[in-house]
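Chemist: fold the following, please.
(chains A and B)
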Amino acid sequence: MGEGRVGRGFTRREFLVTSLGAGAGFALAGCGGSNSDLEKAGSGGRSYNGPKVKLAFWNGFTGGDGPFMERLVEEFSSKQKNIDVSMNTVDWAVYYQKVPAAVQSGKGPDLGIMHIDQLPTNAARGVILALDDVANALNLKESDFASVVWNAGVYSGKRYGIPLDIHPLGFYYNKGTMEKAGLNPDEPPQTKDDYMAALEQMKSKGIQGHWMSPLLFTGGLTFQALLYQFGGQLYNEDATKATFNSQAGVDALTWMVDVVKEGYSPKDVAQDDEFTAFQNGQNAFMWNGIWNILTLNEVKDLEWGAAPLPQIGTQKGAWANSHNFVIMNKRGQDPNKVAASKVFINWISERSAEWAKAGQVPARNSVRESQAFKSLKWQPKFAEELPYVQFTPPVPGIADVYTGSLDPAINEAVLLKKESETALDEAAGKADQLLKENKQKYQAA
Amino acid sequence: MATQGMEQPHVQRPRGKKPSRGRKPADAAPLTAYLFMAPYLVLFSIFILIPVVFGIWVSLHNWDPLIPVKPWVGLQNYLDLFTPGSTTFGPFWNSMEATGKFTLYSVPLLVVIPLLIALMLNQEFRGRNFFRATYFAPYVLGVAVVGILWRFLLSPNAGLVNYYLGALGLPDNTPWITDLPWAWISLVGVTVWWTLGFNAVIYLAGLQDIDPALYDAAKVDGANRWQRFLNVTLPGLRPVLLFVITVTILASANMFGQSYIITKGAPGEETTTAIWYIAEQGLRFFKMGPAAAMSYVLALALAVVSLANFALFRYRGD
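Modeler: Here you go, the predicted model:
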């Protein structure tokens, strides 16, 4: 829920504040000191013996996940004599605009959370510090984490994030609606044949079983999952070319469009319609993020279940993102605060089973294999997807490319305004240009 | 205390502590005007003048505040805006077109409907204050509230609007926010509902400023209602009308929140407006050079429209 179901909106006032903040950033640009001293501060997070410090911890957990993190923060602060952490929550879209300006002016957070595809951008822009010594001191290694998430935290040879969780797209099914259509609510379809048969059966009973969103949440995420399932990738490995218009991409988008054309989904699904319809029983199948578990639990009289995404393509695949701890490269930062931040990160990371309750899959293997995690009802179902989730290449500015290219293409195709192949080819052309621009821009960084 | 403070200037002024340059003592203290303007001037300089000049400097670079190297590109950011095939050309002009369409559709409605409402609310009738408050009420809501509210109401498949239309036996599958021209109808409709109260209040103030004697004189001359409206009300409202039109055009040209929240720019990028695109490029993707260049092109376009508007009204008047 905190993940942006509400969209990436910001009000005019926030917009103003951000612009002013950015303005302040201008004035101070170029004043940043050497960050290598800061990066080495402390004992890499094992313990902290310095003077009393107060840490500002920012994140975008605006949904039901916020209180869980807040509780962890309070517990930490009460146990540590010399470290007091205060948490500040801002909408993610605003967060990624505010943090750079705030950090530059020396007034921002000491540490925070960032999505994995934002790490390279913020590393290149000097917003966050490398955390290799945390990994070394705590003896964290690839084998401690899901390898896909561990490797994606590295940018130009340095580690910038300590993974907290992975939040994949999964398959939610409405048991009541399935029963009404004569389907077995305890056997959610997991193969293409079963899935299509189920959709067809619901259609014959007048139920449109899979509402297909034309927007990023959840249509864009669905496309990425399908793209991986058909063996495709968004971009090539060094992110110089868009590859989402491959045959795999066309197959993925065509399947989505066909769901609409065949009448398994209504046309013109608007933002959050699929979610509303799922809650009131009109929609039976929904591909949505793990972060919705909390929200759905609170819906009265809704019988639902969750499973890994059904395999529509030639292999298994799922979209996912990951929350990572980062330490800010704050102007004029006190090394003691950096040292204390590392201790905090390590402490929370070890307790990420608690965090999993907020609707996440812990990134740490040991936590994922713990009884505490396994006893959660739905989260382990999503964890089954970990072997085949994929992220975008770790290249700065990568998250921006999607917005200007693929996002409108998926929109137009699912709204039946453009043929899938044409839409994807046009988008790929735009994406290539944007990738090239990004490369030039960040080469200078 | 207060009286003392009030009187002091009167006592001091005739003495002429600072003799002004060759002016009569009567209008001495030439600094007064400037001193009164100073507080605003300071704010204006810090928040408008300096950023405007600095923005031109930014627009001549590939500028990211956090990247130390800011390559000078001269007029390239502007040239790109006029070169088909560049990364900014397509989306920028597409967004300008969206802004233009929205302005074109919304301004006439926002000028005429509030005027009619103001005329109505200017009559004597029971419950007048209630209606005045009712029409103004939506204006106090923020764009986020208005946006989310209407996104739910207008949702093609799960919204109340289509539900009630269906209940009345009308088509219940109108894609209000996902297809054209419906998306524009919705955005314009929502904006009119949201902001008409503001213009209506301005009109109302203007109407109350018109000397009732003029209406009486017109009646004596035998003018009917329509003639009185044309020859007394409209000319009396001329300065107010100029203000309303100018402000409404600028407000419509700055439209961002409604489409950002209600239509999400869909279908495709059809309802992505200029301010949205500029803000996204500059503040989210930190491509401040091109974003600044686009801002100046937009500002220039708006300046031209505003000047034309002023010229039109002045011409008519003289």
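
Chemist: for chain B, give me the ranges with low pLDDT.
Modeler: Applying pLDDT under 70 to chain B flags the ranges B:1-28, B:315-318.

Chemist: span of stretch A:297-308 from start to end?
Modeler: 18 Å (Cα to Cα, to the nearest Å).

Chemist: can you name the residues of the stretch 151-300 of chain B that neighbour chain A?
Modeler: B:151, B:154-159, B:173, B:175, B:177-179, B:256-257, B:260-261, B:264-269, B:279-280, B:283-288 (Cβ under 8 Å from any Cβ of the partner chain). For every residue, glycine as well, the C-beta is placed using N, CA and C.

Chemist: mind running it again at 6 Å?
Modeler: Selection of the stretch 151-300 of chain B residues close to chain A by Cβ under 6 Å from any Cβ of the partner chain yields B:155-158, B:175, B:177-178, B:261, B:264, B:266-269, B:283, B:285.

Chemist: can you select the buried ones from these in ChimeraX?
Modeler: Filtering these down to the buried ones (16 or more other Cβ atoms under 10 Å in any protein chain shown) takes a single ChimeraX command:
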select /B:155,156,157,158,175,177,178,261,264,266,267,268,269,283,285
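
Chemist: for A:Gly63, state which of the residues of the stretch 151-300 of chain B next to chain A is nearest.
Modeler: B:Ile261 (17.7 Å; Cβ to Cβ).

Chemist: show me where the stretch 1-150 of chain B has helices.
Modeler: B:2-15, B:31-44, B:50-59, B:76-81, B:89-121, B:128-136, B:143-154 (DSSP state H, counting those that start in this stretch).

Chemist: so how far is chain A from the spatially most central residue of chain B?
Modeler: By Cα atoms, centre = their mean, chain B has its centre lying nearest to B:Ala251, at 2.2 Å. B:Ala251 is 11 Å from chain A, where distance means Cβ to the nearest Cβ, to the nearest Å.

Chemist: those helices in the stretch 1-150 of chain A, which residues are they?
Modeler: Under DSSP H, counting those that start in this stretch, the stretch 1-150 of chain A gives helices at A:12-28, A:36-39, A:66-79, A:92-104, A:119-124, A:132-137, A:147-152.

Chemist: looking at these, which is closest to chain B?
Modeler: helix A:12-28 (4.3 Å; Cβ to the nearest Cβ).

Chemist: tally of neighbours for A:Glu74?
Modeler: Neighbour count of A:Glu74, defined by other Cβ atoms under 10 Å in any protein chain shown: 13.

Chemist: now render the helices of the stretch 1-150 of chain A as TSV, adding mean pLDDT and distance to chain B.
Modeler: Compiled in TSV, the helices of the stretch 1-150 of chain A are given as follows (pLDDT from 0 to 100; distance: least, Cβ to the nearest Cβ, whole Å):
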stretch	mean pLDDT	distance to chain B
helix A:12-28	41	4
helix A:36-39	76	16
helix A:66-79	93	19
helix A:92-104	92	5
helix A:119-124	95	8
helix A:132-137	85	22
helix A:147-152	86	21
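
Chemist: could you single out the most deeply buried of those?
Modeler: helix A:119-124 (a mean of 25; mean count of other Cβ atoms under 10 Å in any protein chain shown).

Chemist: just the CA atoms of it, as CSV, please.
Modeler: Listed next in CSV are the C-alpha coordinates belonging to helix A:119-124 (Å, rounded to 0.1, in the frame of the first residue of the first chain):
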residue,chain,number,x,y,z
LEU,A,119,20.4,3.4,-5.7
PRO,A,120,22.6,4.0,-8.8
THR,A,121,20.9,7.4,-9.5
ASN,A,122,21.5,8.5,-5.9
ALA,A,123,25.0,7.1,-5.8
ALA,A,124,25.9,8.9,-9.0
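
Chemist: which residues does it contact?
Modeler: Helix A:119-124 has contacts (Cβ atoms under 6 Å, 6 or more residues apart in numbering or on different chains) with A:Ile128, A:Tyr155, A:Tyr160, A:Gly161, A:Pro394, A:Val395, A:Pro396, A:Gly397, A:Tyr442, A:Ala445.

Chemist: mind listing the strands for the stretch 251-400 of chain A?
Modeler: A:285-289, A:304-307, A:318-321, A:323-327, A:361-362, A:389-390 (DSSP state E, counting those that start in this stretch).

Chemist: ugh, wrong one, the stretch 51-200 of chain A
Modeler: Using DSSP E, counting those that start in this stretch, strands in the stretch 51-200 of chain A cover A:53-59, A:83-89, A:111-115, A:154-155, A:158-159, A:162-163, A:165-174.

Chemist: of those, which is nearest A:Tyr235?
Modeler: strand A:154-155 (15.5 Å).

Chemist: related to what we said a few turns ago, export the helices of the stretch 1-150 of chain A as a markdown table, with columns for distance to A:Ile293.
Modeler: A markdown table is the format used below for the helices of the stretch 1-150 of chain A (distance: least, Cβ to Cβ, whole Å):
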| stretch | distance to A:Ile293 |
| --- | --- |
| helix A:12-28 | 28 |
| helix A:36-39 | 36 |
| helix A:66-79 | 12 |
| helix A:92-104 | 19 |
| helix A:119-124 | 25 |
| helix A:132-137 | 30 |
| helix A:147-152 | 20 |
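
Chemist: the ones you listed: which one's closest to A:Phe217?
Modeler: helix A:92-104 (11.8 Å).
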